[in-house]
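Enquirer: After the sequence you'll find the predicted model.
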Amino acid sequence: MTISVTLTPGTNNGQFAWIMSVDGKAQAPGETPTLHADYKTSPDFSFTIQSPDPTVTFKSFLVPAGTTEIHHVSTVAGTTNFTFKDHNKNAGDIPYEILFNNAPKLDPIIDNGGGGTGFYFSGSMVEYAGYAIAAVVILLVVARWMMRKGAH
């Protein structure tokens, strides 16, 4: 499950304001809705900037020290898209800040429903599992071949 957030520069009463769309649902300029990680899910989050100004990019993504729910944050600095994984093991709010180059920061909240697995498959884990399965198959084939050869 991926929660997609699109950020578009806009104005509110003549002042800069981010327009935040969550899974395609646009919010009013300057509104930063709480993002919800439903109970028993471990969602991925994807943030994208849609701006006519190419100098508006992400600068950093900050979560409170000791937060163990947020993992695998992709490269943030200088990009217009970044992703991260929320384990969502425990219910509760996670405040965070997104800092930008050439635009004001955002500080929304993730509302974790809890009950997430706290585990995810990374690309390297899947790769290593494939190697392990291949090694077992090779060993079984060699053992069977040796057993047949010994029987003759």
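Expert: Noted; the coordinates are in hand.
Enquirer: Quick check, pLDDT for the residue most central in space within the chain.
Expert: Among the residues of the chain, the one closest to the centroid is residue 84, at 2.0 Å (Cα atoms, centre = their mean). Residue 84 carries a pLDDT score of 93 in this model.
Enquirer: what helix or strand is it on?
Expert: strand 81-86 (DSSP states H and E).
Enquirer: Neighbouring strands - and their directions - for whichever helix or strand comes after that strand?
Expert: Later in the chain than strand 81-86, the nearest helix or strand by DSSP H and E is strand 92-95. Strands flanking strand 92-95 in the sheet, each with its direction: strand 109-112 (antiparallel) (DSSP bridges).
Enquirer: Give the buried residues for the strand it pairs with.
Expert: Buried residues in strand 109-112, counting neighbours by 16 or more other Cβ atoms under 10 Å, are found at 110, 111, 112. For every residue, glycine as well, the C-beta is placed using N, CA and C.
Enquirer: What lies in contact with it?
Expert: Strand 109-112 is contacted by residues 34-37, 45, 69, 86, 88, 90-96 when judged by Cβ atoms under 8 Å, 6 or more residues apart in numbering.
Enquirer: Equivalent analysis for stretch 33-49, please.
Expert: Contacts for stretch 33-49 (Cβ under 8 Å, 6+ apart): 1-8, 20, 22, 27, 56-58, 80-88, 91, 93, 98, 100, 108-120.
Enquirer: go again using 6 Å as the cut-off
Expert: Identification of contacts with stretch 33-49 by Cβ atoms under 6 Å, 6 or more residues apart in numbering yields 1-7, 27, 56, 80-88, 109-113, 115-117.
Enquirer: pLDDT averaged over it, what's the number?
Expert: Taken as a whole, stretch 33-49 has a mean pLDDT of 94.
Enquirer: quick one: the residue nearest to the centre of the chain from residue 95, how far?
Expert: 14 Å (Cβ to Cβ, to the nearest Å).
Enquirer: picking that back up, buried residues in the strand holding residue 84?
Expert: Counting neighbours by 16+ other Cβ under 10 Å, one finds that the buried residues in strand 81-86 are 82, 83, 84, 85, 86.
Enquirer: Paired strands for that strand, with orientation please.
Expert: Strand 81-86 has the following sheet partners, assigned by DSSP bridges: strand 44-49 (antiparallel), strand 70-71 (antiparallel).
Enquirer: Nothing else from me, thank you.
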